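A.B. asks: One predicted model, sequence on top.
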Amino acid sequence: MSILTHHFNTKHNTAPFSKINNEDFLPAFKKGIELAKSEINGIVNNPIQPTFENTIEALAFSGDILDRISSIFFNLNSAETSDEMQKTAQEVSPLLSEFGNDVRLNLELFARVKAVYEQREKLNLNPEQTTLLDKKYKSFARNGANLPEDKKNQLREIDKELSKLSLQFGENVLAETHAFELHITDENDLAGLPEGTREAARSLAKSQEKEGWIFTLDHPSYIPFVTYADNRELRKKMAIAFGARAFQNNEFDNQEIVLKIAKLRFERAQVLSYKTHSHFVLEERMAENPEKVISFSNDLLAKAKPAAEKEFAQLAAFAKELDGIEQLEKWDGAYYSEKLKQQLFSLDDEILKPYFQLEKVLDGAFTVAQKLYGITFEEIFEVDKYHEDVKTYEVKDEDDQLVAVFYADFFPRKGKRNGAWMTSFKSQYIKKGINERPHISNVCNFTKPTETKPSLLTFNEVTTLFHEFGHALHGMLANTTYPSLSGTSVYWDFVELPSQIMENWCYEPEALALFAYHYETGEMIPQEYVEKIKESASFQEGMATLRQISFGLLDMAFHSNNPTEITDVKAFEKTAFEGTTLYPDVAENCMSVSFSHIFQGGYSSGYYSYKWAEVLDADAFAYFQEKGIFNKEVATKFKDNVLSKGGTELPMELYKRFRGQEPKPDALLKRAGLI
């Protein structure tokens with residue numbers, strides 16, 4: 001029997017990574033599916049009349065072994081993948097999708113769920129039980145349980161195909177990200193680049209036994225290059241390579257895959273009697289329907305566009321004056337924005353970075369969490385890791401009780417996808433009186449320490465760390481009975497509130513005083529820098545808002561209409577971006593084909609939720625500012641009504657209980673300098 005299919009005999013039941021081999025996964029998945037099926041059969045064949053306990057609750061706790069295997073496998077596939085692992089993923093995904101459909105389309109199981117659902121008024125359920133019942137019933141009804149057999153089979157085929165396509169999409173983007181390297185041998189081509197960026201490029205070249213410097217499309221290499229390199233032609237080369245990933249008519253091209261995914265999602269919605277994929281998705285979101293999302297986006301667009309156009313004109317004039325640039329291009333944006341920001345605020349990432357040593361910033365996030373929620377973090381060494389870069393922590397409350405196990409994985413490497421995310425290796429839930437505590441992970445891609453320097457973060461990376469840590473707190477402080485309602489298992493347009501609100505502390509002098517110290521001299525970040533960080537927080541906010549809205553509208557364009565007529569991904573994208581573009585189009589580039597959030601992650605019809613949650617987070621943080629950013633009473637309200645509650649009640653109800661009112665967009669517009 002595989003090590004993966006039973007309780008791990010480890011500290012806090014943590015995953016024994018060093019004992020797991022890739023070949024263990026496929027048999028473990030098959031065994032996990034078999035065990036989950038037998039639990040489902042036990043529920044279906046129970047001779048006793050369906051009750052909340054023997055049907056809904058039993059279903060909520062079924063498949064826990066399979067869930068655990070899945071979370072371990074798919075987390076590793078994102079953070080530590082290999083060719084063998086990707087091959088396993090391609091084999092496993094259809095099995096899981098088929099199993100999911102076997103459950104959702106099981107008539108006898110649905111009959112039991114429906115029987116309980118129909119007597120819900122008489123059952124005297126608490127709010128969490130009511131939500132669970134509602135979600136379980138809808139997970140059947142919304143996924144075809146009421147359909148005739150032929151339609152169910154059609155649904156099965158679509159789901160199987162979709163799970164394979166989204167995996168393929170992600171693998172193609174990863175392959176294209178790793179396929180490109182800019183190898184520089186002339187030191188003059190490095191003009192403008194910070195010391196740390198050069199050093200990282202030098203050590204990458206060394207590791208490949210090459211002379212000179214190597215730059216890649218991984219964010220810690222790519223972002224500084226296009227932000228600081230004086231050589232415009234090389235910036236152009238990098239930017240075009242980045243934007244051309246999976247758009248090169250080669251074996252890793254994603255154009256067909258994008259069209260197939262969009263069409264299959266539409267077909268699936270139609271089979272389920274929904275107008276479009278967006279109508280299906282948004283029924284279970286705070287926003288409720290595509291019309292509301294589009295109107296929300298257009299309202300914000302109307303407020304942001306004049307500001308964005310003004311900012312863009314200012315940037316273009318600045319670039320022309322500085323370097324005689326006649327037409328500002330995409331590869332000029334970050335470069336001249338950084339220069340303009342330095343001129344306006346005398347503030348530059350390179351001046352700030354020495355004050356943001358990764359370890360200190362992480363400790364700062366820990367201290368903020370301690371001040372707000374009374375939890376402490378202690379590094380532990382007796383827990384298995386999947387890579388030597390990972391650090392592990394025990395999180396405890398004021399009574400020294402275990403709250404969570406926390407994994408921190410912060411550096412890029414081959415086999416790890418770009419970006420930053422939070423995930424969990426084990427959910428929190430309460431069973432037989434035991435509160436099972438979660439195992440939560442933050443994964444980011446920050447610059448590795450070099451021979452002469454520790455890992456130093458840009459301010460943008462500091463806010464990224466706090467953002468992901470906010471998601472982690474949502475997972476760690478979870479306190480619900482059922483795993484499927486725990487932690488970040490909330491409506492998608494609510495999930496970014498805990499993460500985005502955390503970013504606000506990065507701008508507060510009181511919080512910066514906890515961790516922003518120069519890594520060499522130990523001096524605290526000067527007050528004038530802090531003021532400039534705050535001042536510059538709304539710098540080019542109009543342009544940033546426009547960019548976010550454009551991604552959300554592209555997502556809606558693919559998913560809130562019938563996509564069967566789309567033949568050309570690039571042309572379609574251009575039309576979707578029409579009202580939001582500032583820069584000239586780049587013929588070689590297409591965003592959709594590497595838009596992993598919506599074609600690989602779970603953000604389809606949900607990208608708008610970043611802006612939606614910003615309204616919530618600005619409004620919520622205004623409450624903290626009013627009472628004090630470390631005010632215990634406000635923090636406790638936020639913890640008790642938002643962080644610990646997961647998806648047990650409707651998000652707006654939880655929010656109003658915390659805030660005493662519905663959110664207003666004024667705080668966001670004010671913070672962004674748009675009013």
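C.D. replies: Perfect, thanks for sending it. Numbering: from 1, shown residues only.

A.B. asks: CA only for contacts and neighbour counts going forward, please
C.D. replies: Will do.

A.B. asks: distance of the residue nearest to Asn106 when sequence neighbours are not counted from Asp102?
C.D. replies: Setting aside the residues directly before and after it, Asn106 is nearest to Ala145 in space (C-alpha to C-alpha, 6 or more residues apart in numbering), at 7.1 Å. Per C-alpha to C-alpha, to the nearest Å, Ala145 is found 10 Å from Asp102.

A.B. asks: Mind checking which of these two has more residues around it?
C.D. replies: More crowded of Ala145 and Asp102, by other C-alpha atoms under 10 Å: Ala145, with 24 against 14.

A.B. asks: Kindly list the main-chain dihedrals of the more buried one?
C.D. replies: Ala145 adopts backbone torsions of phi -60, psi -30, taken as degrees, to the nearest 10.

A.B. asks: Now do stretch 247-266: everything it contacts.
C.D. replies: Residues outside stretch 247-266 that contact it (C-alpha atoms under 8 Å, 6 or more residues apart in numbering): 158, 162, 165-166, 169, 172-173, 175-176, 245-246, 276-277, 558-559, 562-564, 566-567, 569, 588-590, 592-594, 599.

A.B. asks: Count the residues that sit near Ala365.
C.D. replies: Ala365 sits with 25 neighbouring residues when counted by other C-alpha under 10 Å.

A.B. asks: re the thing from before, just the buried residues out of the contacts of stretch 247-266, in PyMOL syntax.
C.D. replies: Of the contacts of stretch 247-266, the buried ones go into a single PyMOL selection, burial set by 16 or more other C-alpha atoms under 10 Å:
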select buried, resi 158+162+165+166+169+172+173+176+245+246+276+277+558+559+562+563+569+589+590+592+593+594+599
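
A.B. asks: which sections of the stretch 501-650 of the chain are below the confidence cut-off?
C.D. replies: Along the stretch 501-650 of the chain, the model assigns pLDDT under 70 to no residue.

A.B. asks: Quick one: the strands in it, in order.
C.D. replies: Secondary structure of the stretch 501-650 of the chain, counting by DSSP state E, counting those that start in this stretch: no strands present.

A.B. asks: quick one: the helices in it?
C.D. replies: 509-512, 527-536, 541-559, 569-576, 596-599, 609-627, 632-638 (DSSP state H, counting those that start in this stretch).

A.B. asks: got a list of what the spatially most central residue of the chain touches?
C.D. replies: Taking C-alpha atoms, centre = their mean as the criterion, Trp421 is the residue nearest the geometric centre of the chain, at 4.7 Å. The contact partners of Trp421, by C-alpha under 8 Å, 6+ apart, come to Asn442, Val443, Cys444, Glu468.

A.B. asks: What is the three-state secondary structure of the last one?
C.D. replies: Put simply, Glu468 is helix when judged by DSSP: H, G, I helix; E, B strand; the rest coil.

A.B. asks: separation between it and Glu288?
C.D. replies: Counting by C-alpha to C-alpha, the separation of Glu468 from Glu288 is 26 Å.

A.B. asks: Comparing the two, which shows the higher neighbour count?
C.D. replies: Higher neighbour count among Glu468 and Glu288: Glu468, with 25 against 15, using other C-alpha under 10 Å.

A.B. asks: Tell me, what's the model's pLDDT at the more buried one?
C.D. replies: Note on Glu468: pLDDT of 98.

A.B. asks: before we move on, what about the one 3 residues further on?
C.D. replies: Looking at His471, its pLDDT is 98.

A.B. asks: Quick check, Lys330 in contact with Leu582.
C.D. replies: No - Lys330 is beyond contact range of Leu582, at 9.2 Å (criterion: C-alpha atoms under 8 Å).

A.B. asks: ok, and the closest non-adjacent residue to Arg142?
C.D. replies: Nearest residue to Arg142, sequence neighbours excluded (C-alpha to C-alpha, 6+ apart): Leu272, at 7.0 Å.

A.B. asks: Could you report the neighbour count for that neighbour?
C.D. replies: Leu272 has 22 neighbouring residues, counting by other C-alpha under 10 Å.

A.B. asks: which ones are touching it?
C.D. replies: Neighbours of Leu272 in contact, by C-alpha under 8 Å, 6+ apart: Arg142, Asn143, Gly144, Leu147.

A.B. asks: and the gap between it and Ile440?
C.D. replies: Separation of Leu272 from Ile440 (C-alpha to C-alpha) stands at 35 Å.

A.B. asks: buried ones in the helix or strand that contains Leu352?
C.D. replies: Here Leu352 sits within helix 349-352, counting by DSSP states H and E. For helix 349-352, burial by neighbour count (16+ other C-alpha under 10 Å) applies to Asp349, Glu350, Leu352.

A.B. asks: Any regions of the chain where pLDDT drops low?
C.D. replies: The chain contains residues with pLDDT under 70 at 1.

A.B. asks: How much space separates Ser550 from Asn172?
C.D. replies: As judged by C-alpha to C-alpha, Ser550 and Asn172 stand 24 Å apart.

A.B. asks: what about Leu456, how many residues close to it?
C.D. replies: Other residues near Leu456 number 25, with proximity taken as other C-alpha under 10 Å.

A.B. asks: isn't it right up against Leu358?
C.D. replies: Yes - Leu456 lies in contact with Leu358 (C-alpha under 8 Å); the separation is 5.8 Å.

A.B. asks: Next, count neighbours for Gly364.
C.D. replies: For Gly364, the count of nearby residues is 20 (other C-alpha under 10 Å).

A.B. asks: List the contacts of it.
C.D. replies: Counting by C-alpha under 8 Å, 6+ apart, Gly364 touches Ala511, Leu512, Leu514, Phe515.

A.B. asks: most surrounded residue in the residues you listed?
C.D. replies: In terms of neighbour count, Phe515 stands highest of the contacts of Gly364 at 24 neighbours, by other C-alpha under 10 Å.

A.B. asks: Which residue comes closest to that one once chain neighbours are left out?
C.D. replies: Phe515's closest residue in space is Gly364 (C-alpha to C-alpha, 6+ apart), at 4.9 Å.

A.B. asks: got it, and Asp493?
C.D. replies: Closest to Asp493 by C-alpha to C-alpha, 6+ apart is Ser609, at 4.4 Å.

A.B. asks: so how far is Asp617 from the one you found?
C.D. replies: For Ser609, the distance to Asp617 (C-alpha to C-alpha) stands at 12 Å.

A.B. asks: who's more crowded, the two?
C.D. replies: When Ser609 and Asp617 are compared for neighbours, Asp617 comes out ahead with 26 against 23, by other C-alpha under 10 Å.
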